[in-house]
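[1] Build the 3D model from these lines:
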Amino acid sequence: MSDWTIWTEKEKGAGAGIGLSHFLHRGGNDGRNVQCHRRTKRYAKFHLPVPYSAEISREQPTAFLFLLDQSASMQDPFGGAEQKGDAAPSKARVLADTVNELLQNLVLRCAKEEGVRDYFHVGVIGYGERVQRLIQPADGHGTGTGLVPISHLADRPRRMEERVQEVPDGDGGTTEQRVKRPIWFDPQAKNGTPMCQALDLGAQSVRQWIDEHPRSFPPVVVNVTDGEATDGDPLRYAQQLREFATDDGEVLLFNVHLSESEATPVELPSSRDELPSDAEYAETLFQMTSRLPFSMRSAAEQEGYTVTLDTRGFVFNADPSALVTFLEIGTRPSNLR
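    Sure, this is the predicted structure:
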């Protein structure tokens, strides 16, 4: 056993000694670390490469893959929506609208004067009546990963759809305005919840993508569901997916559970003790979920969340607002060139 123990500067004050391999897995804070000799108790500062810190560029992009529950129960109203009763939107509708808008925002983040730069590769997998890729690469640009360069996504929405949107009126209020938005996929809600198959297809996608981009910020996979898997134990498939890694760290898997109830969302928990005691699948989803890396913990803090090194990218009983906020946090690595 080595005579040296590694602390981050935050953890040194709490006396929390951790091994080097554990430090690398946990991600540390900002690369400033303290080395302590076990016998002399002398400290020495040094620098280690911090996981999840790779620069994102056109030469070294990252990837976002969304796994979306499209089972029959997604037809049910979304809890916490502003409209109630028959006017309440379904979970499938809110999810499709939210992810389509997020895709548009990802395009805008990559837009420069000369066009859309391929900082991101993006994929969407739906699982319900069947497990299928909801976004296909353009002819001649398919790599088999199911992850599409963002510029190709920008050029090829399924259609443009006019929506009514509230915008500031300049006097402190809002006014309705008609805007055209790109739609890449439509809501669906049929049959069971083959989450295991979706995670397996997602693993195939990220494995091949990593082979092509071994030094990149690792892919971020976001699974959004309203219930339990109907095709087996998803924990095993989640663990297999998270084992794939680039030189910068393991694949990040985040989970969002949608609710039709008015229960308060559990957002970004650090411990299973924060979960409802009467929902076994909440603990399963929690165990499936990766801890937030430093850049995303910082993004969460900016949104007002209290986070720790153990905070996981998980929301249980998400309402529409919690869904939108988390998707923004989970797709916000800070090292975009």
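[2] which stretches of the stretch 51-200 of the chain have low pLDDT?
    The stretch 51-200 of the chain contains residues with pLDDT under 70 at 80-87, 138-143.
[3] Can you give me the domain boundaries for the chain?
    With domains defined by automatic domain parsing, the chain comprises 4-47, 62-330.
[4] out of those domains, which comes closest to residue 336?
    Closest approach to residue 336 among the domains of the chain is made by domain 62-330 (6.0 Å; CB to CB). Just so you know, the C-beta spots here come from the backbone N, C-alpha and C atoms, and that holds for glycine as well.
[5] tell me how far the ends of that closest one are from each other?
    With CA to CA, to the nearest Å as the measure, domain 62-330 spans 13 Å from end to end.
[6] Would you map the helices across the chain?
    Taking DSSP state H as the criterion, the chain carries its helices at 9-14, 20-26, 91-109, 150-155, 195-212, 234-243, 280-288, 294-302, 320-330.
[7] Could you export the ones you listed to TSV, including columns for mean neighbour count?
    Shown next, in TSV, are the helices of the chain (neighbours: other CB atoms under 10 Å):
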stretch	mean neighbour count
helix 9-14	14
helix 20-26	14
helix 91-109	20
helix 150-155	20
helix 195-212	21
helix 234-243	19
helix 280-288	18
helix 294-302	18
helix 320-330	20
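[8] nearest to residue 165, of those?
    Evaluated over those, closeness to residue 165 peaks at helix 91-109, with 10.1 Å, by CB to CB.
[9] got the angle between that closest one and helix 320-330?
    Calculated by axes from the mean of the first three to the mean of the last three CA atoms, to 10 degrees, helix 91-109 forms an angle of 40 degrees with helix 320-330.
[10] just checking, what packs against helix 91-109?
    strand 62-69, strand 120-127, helix 150-155, strand 174-183, helix 320-330 (3 or more CB pairs under 8 Å, 6 or more residues apart in numbering; DSSP states H and E).
[11] Check the offset of it from the chain's centre.
    13 Å (CA atoms, centre = their mean, to the nearest Å).
[12] can you tell which of the domains of the chain is closest to residue 55?
    domain 62-330 (8.0 Å).
[13] coming back round to it: and the domains of the chain as a markdown table, adding distance to residue 336?
    Listed next are these as a markdown table, based on distance: least, CB to CB, whole Å:
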| stretch | distance to residue 336 |
| --- | --- |
| domain 4-47 | 17 |
| domain 62-330 | 6 |
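[14] So which of the ones you listed is nearest residue 56?
    Of all these, domain 62-330 sits nearest to residue 56, with 5.2 Å by CB to CB.
[15] List the contacts of residue 210.
    Counting by CB atoms under 8 Å, 6 or more residues apart in numbering, residue 210 touches 216, 218, 219, 244, 245, 246, 251.
[16] And those, which is closest to residue 124?
    Closest to residue 124, out of all of those and judged by CB to CB, is residue 219, at 13.3 Å.
[17] Leaving out chain neighbours, which residue sits closest to the closest one?
    In space, and not counting its chain neighbours, residue 219 is closest to residue 63: 4.0 Å by CB to CB, 6 or more residues apart in numbering.
[18] Wait, the one you found touches residue 122, no?
    Yes: between residue 63 and residue 122 there is a contact at 7.1 Å, judged by CB atoms under 8 Å.
[19] hey, what's in contact with both of the two?
    Common neighbours of residue 63 and residue 122 (CB under 8 Å, 6+ apart) are residue 147.
[20] So between the two, which is more surrounded?
    residue 63 (27 against 22; other CB atoms under 10 Å).
[21] Residue 130: neighbour count?
    There are 12 residues near residue 130, going by other CB under 10 Å.
[22] Low-confidence bits of the stretch 201-337 of the chain, can you list those?
    Looking at the stretch 201-337 of the chain by pLDDT under 70, you get 334, 337.
[23] Recalculate using a threshold of 50.
    Within the stretch 201-337 of the chain, no range satisfies pLDDT under 50.
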